[in-house]
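Asker: let's see this in three dimensions:
(4 chains)
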Number of protein chains: 2
Amino acid sequence: MNLIAKPDTDPENPGVKPPAHEQVYRTLREQILFGEMAPGQAVTIQGLTQALGVGMTPVREAIRRLTSDGALVFQGNRRVSVPQLTISDVEQLVYLRKTMESELTLRAAKRMDDAAIANLEQLDQRLDRAISAGDVVGYLTNNYLFHAYLYEQAQAPVLADLVNRVWLRFGPSLRVVCGRFGTQNLADHHKEVLEALQSGNPDAAAQAIVRDVEQGMQQVKTVLTAD
Amino acid sequence: MNLIAKPDTDPENPGVKPPAHEQVYRTLREQILFGEMAPGQAVTIQGLTQALGVGMTPVREAIRRLTSDGALVFQGNRRVSVPQLTISDVEQLVYLRKTMESELTLRAAKRMDDAAIANLEQLDQRLDRAISAGDVVGYLTNNYLFHAYLYEQAQAPVLADLVNRVWLRFGPSLRVVCGRFGTQNLADHHKEVLEALQSGNPDAAAQAIVRDVEQGMQQVKTVLTAD
DNA sequence: ACGCCCAGAATATGATCAAATTATACCAAG
DNA sequence: CTTGGTATAATTTGATCATATTCTGGGCGT
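Answerer: Reported below is the predicted structural model:
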């Protein structure tokens, strides 16, 4: 075994360098999740090879994964684009989010200790700061991180995986919501979630998440019907 | 021998030839779904290029889609293999199947007319013939087709898409179930579903599907604990 | 308006490089 | 002398790129 220091500067997983197609996937995924791509926007392979400075094979693989995730859609002929949600889509996503995210919250609440709850509270404070500053990308990022950390505590990777897939579908639409309402008017129910966790009431936490989902998705539906 | 269907003999969409990566994806997907691949089995890119007679780029894209589906898993290093389910995985899949498939059945039952119910009954009869003949692949195929046709009637593509993803996860394990129990002992609750549909009782149909899911998943869990 | 032609983009292959697993040889200990 | 382990060599496999081919879509001419 070689114990000599490696010139690898990966902060998260030292010694392991993710392949290019993995990096391209993560980059595009974040751009979609945090509203840097608009619904209906076309995505071309050659455009991404130039923008990201990699070959086309990694780009192709990333696009395949994202289409399988529902984050991108085939446009019949061989074009892909960011999906535009219909009312029916949103209504199905609401059902999925309510059932799966409440279940995840229930499981997480039964497992979280004080340190984990404190971590979650810290994430929510960052979210509040982003809202106060009117930072749209910061809002979307920290809102996602809040939910993702909560669901990670449930120790249910299969469920969490599907929820992530669902989030990828309405990510681009969230950006449109912020553009219409602004970050100031985006009240959430995270405080209720935290209070329920601190008082050891899993059912109350799950119900608060359901309210959070309903309120957020209602805004998406409002923006869609406005077109 | 080329394992991929010829483009000229495409039965579904005449005149349109799907690209190679799409055909590779469908081929592998069916092999996983219908038990032609064993849990834990390694999947190599170069092996598939030779077996399917195509280049490596289409194979890579198909593998990326399948890993995103959860039908294949990264093995830490850059190898992929057919996943081996844990008890926790199965338990999460049970929750997902019960909530999503009962919802889909509910929606389908409210929409289906007599012709659609007759089609479903015909699919169930084919399933019975496969069981009588001891045809394992025929059983798995027709069982999938029964559920897939039912859920398709719900006109809820987002929900149906996620259910498909869930099925891909336990597909390989179903083959093991058949190997242990044989097709003769695989009672299902399809007749109850059909009766509920014919008598116009959506709730009863959904409850019958829940029983079908519970019974099938119980067998998977039994096989897993036997190891 | 209809059909043909051309530019551009996507598909697919093979070649090349890098990483990992397997095989082999060598050394040491019992 | 055999056996266990480790280090090294060889083969297999994965990752990436550059290139050739095919197809879609728009523009031009009739």
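
Asker: switch to C-alpha atoms for all contacts and neighbour counts from now on
Answerer: Will do.

Asker: roughly how far apart are A:Glu152 and DNA strand D?
Answerer: 26 Å (CA to the nearest atom of the strand, to the nearest Å).

Asker: state which one residue of chain A is found closest to DNA strand C.
Answerer: Ranking the residues of chain A by distance to DNA strand C (CA to the nearest atom of the strand) places A:Thr44 first, at 3.2 Å.

Asker: how many residues are close by that residue?
Answerer: 15 (other CA atoms under 10 Å in any protein chain shown).

Asker: thought A:Arg79 was touching it, still the case?
Answerer: Yes: contact criterion CA atoms under 8 Å: A:Thr44 and A:Arg79 qualify, at 7.2 Å.

Asker: tell me the residues of chain A that contact DNA strand D?
Answerer: A:1, A:19-21, A:53-58, A:77-78 (CA under 7 Å from any atom of the strand).

Asker: turn these into CSV, including pLDDT and distance to chain B.
Answerer: As requested, these are arranged in CSV below (pLDDT from 0 to 100; distance: CA to the nearest CA, whole Å):
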residue, pLDDT, distance to chain B
A:Met1, 33, 17
A:Pro19, 88, 9
A:Ala20, 91, 12
A:His21, 93, 10
A:Gly53, 92, 19
A:Val54, 94, 16
A:Gly55, 93, 12
A:Met56, 94, 10
A:Thr57, 95, 7
A:Pro58, 95, 9
A:Asn77, 81, 10
A:Arg78, 85, 9
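
Asker: which among the residues you listed end up buried?
Answerer: A:20-21, A:56-58 (16 or more other CA atoms under 10 Å in any protein chain shown).

Asker: of all the residues you listed, which two lie farthest apart?
Answerer: Within these, A:Ala20 and A:Met56 form the most distant pair, 10.5 Å apart (CA to CA).

Asker: okay, and the common contacts of the two?
Answerer: With contacts taken as CA atoms under 8 Å, 6 or more residues apart in numbering or on different chains, A:Ala20 and A:Met56 have no neighbour in common.

Asker: quick one: the helices in chain A?
Answerer: Listed in chain order, the helices of chain A (DSSP state H) span A:20-33, A:45-52, A:56-69, A:87-111, A:114-133, A:136-152, A:157-181, A:190-198, A:202-226.

Asker: most tightly packed of the ones you listed?
Answerer: Most buried of these by mean neighbour count (mean count of other CA atoms under 10 Å in any protein chain shown) is helix A:56-69; its value is a mean of 23.

Asker: wait, isn't A:Leu197 in contact with A:Ile117?
Answerer: Yes: look at A:Leu197 against A:Ile117 with CA under 8 Å: they come within range, at 7.1 Å.

Asker: can you list the weak-confidence ranges in chain A?
Answerer: Scanning chain A for pLDDT under 70 picks out the ranges A:1-16, A:227.

Asker: could you list the domains of it?
Answerer: A:20-81, A:87-226 (automatic domain parsing).

Asker: just the residues of chain A next to DNA strand D that are near DNA strand C?
Answerer: Answer for the residues of chain A next to DNA strand D near DNA strand C (CA under 7 Å from any atom of the strand): A:56, A:78.

Asker: among the residues of chain A next to DNA strand D, which pair sits farthest apart?
Answerer: A:Met1 and A:Asn77 (50.8 Å).

Asker: just give the nearest non-adjacent residue to A:Arg180, would you?
Answerer: A:Val223 (7.7 Å; CA to CA, 6 or more residues apart in numbering or on different chains).

Asker: what sits against that neighbour?
Answerer: Residues near A:Val223 by CA under 8 Å, 6+ apart: A:176-177, A:180.

Asker: now A:Arg65
Answerer: Contacts for A:Arg65 (CA under 8 Å, 6+ apart) come out as A:25, B:64-65, B:67-68.

Asker: let's see that with 10 Å instead.
Answerer: Listed by CA atoms under 10 Å, 6 or more residues apart in numbering or on different chains, the contact partners of A:Arg65 are A:21-22, A:25, A:29, A:71-72, B:61-69.

Asker: so which of the residues you listed is the closest to DNA strand D?
Answerer: A:His21 (4.4 Å).

Asker: which ones are touching the closest residue to A:Asp124 other than its chain neighbours?
Answerer: Counting by CA to CA, 6+ apart, the nearest residue to A:Asp124 once its immediate chain neighbours are dropped is A:Phe146, at 6.5 Å. A:Phe146 sits next to A:119-127, A:190 when contact means CA under 10 Å, 6+ apart.

Asker: at 7 Å what do you get?
Answerer: Taking CA atoms under 7 Å, 6 or more residues apart in numbering or on different chains, we find A:Phe146 in contact with A:120, A:123-124.

Asker: for A:Arg175, same thing?
Answerer: By CA under 7 Å, 6+ apart, the neighbours of A:Arg175 are A:Gly35.

Asker: any part of stretch A:66-76 near chain B?
Answerer: Yes: Stretch A:66-76 comes into contact with chain B (CA under 7 Å from any CA of the partner chain), by way of A:68-69.

Asker: okay, how far is it across that stretch, tip to tip?
Answerer: By CA to CA, to the nearest Å, the extent of stretch A:66-76 from end to end equals 16 Å.

Asker: show residues contacting that stretch.
Answerer: With CA under 7 Å, 6+ apart, stretch A:66-76 has contacts from A:80-83, A:165, A:168-169, B:65, B:68-69.

Asker: could you dump those residues to CSV with distance to A:Val136?
Answerer: Rendered in CSV, the data for these read as follows (distance: CA to CA, whole Å):
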residue, distance to A:Val136
A:Val80, 26
A:Ser81, 23
A:Val82, 19
A:Pro83, 21
A:Arg165, 22
A:Leu168, 17
A:Arg169, 18
B:Arg65, 31
B:Ser68, 29
B:Asp69, 31
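
Asker: quick one: which of those is nearest to DNA strand D?
Answerer: Once CA to the nearest atom of the strand is applied, the member of those that ends up nearest DNA strand D is A:Val80, at 10.8 Å.

Asker: pretty sure that closest one contacts A:Gln41?
Answerer: No: between A:Val80 and A:Gln41 there is no contact under CA atoms under 7 Å: 8.9 Å.

Asker: out of these two, which sits in the busier spot?
Answerer: Between A:Val80 and A:Gln41, A:Val80 has the larger neighbour count (other CA under 10 Å), namely 20 against 14.

Asker: for the more buried one, list the residues it contacts.
Answerer: Shown in contact with A:Val80 (CA under 7 Å, 6+ apart): A:42-43, A:72-74.

Asker: what of A:Gln207?
Answerer: Applying CA under 7 Å, 6+ apart, we find A:Gln207 in contact with A:Ser102.

Asker: for it, give its distance to A:Lys98.
Answerer: A:Gln207 is 9 Å from A:Lys98, by CA to CA.

Asker: cool, and A:Arg65?
Answerer: Between A:Arg65 and A:Lys98 the computed distance is 25 Å (CA to CA).

Asker: and what of A:Asp124?
Answerer: A:Asp124 is 20 Å from A:Lys98, by CA to CA.
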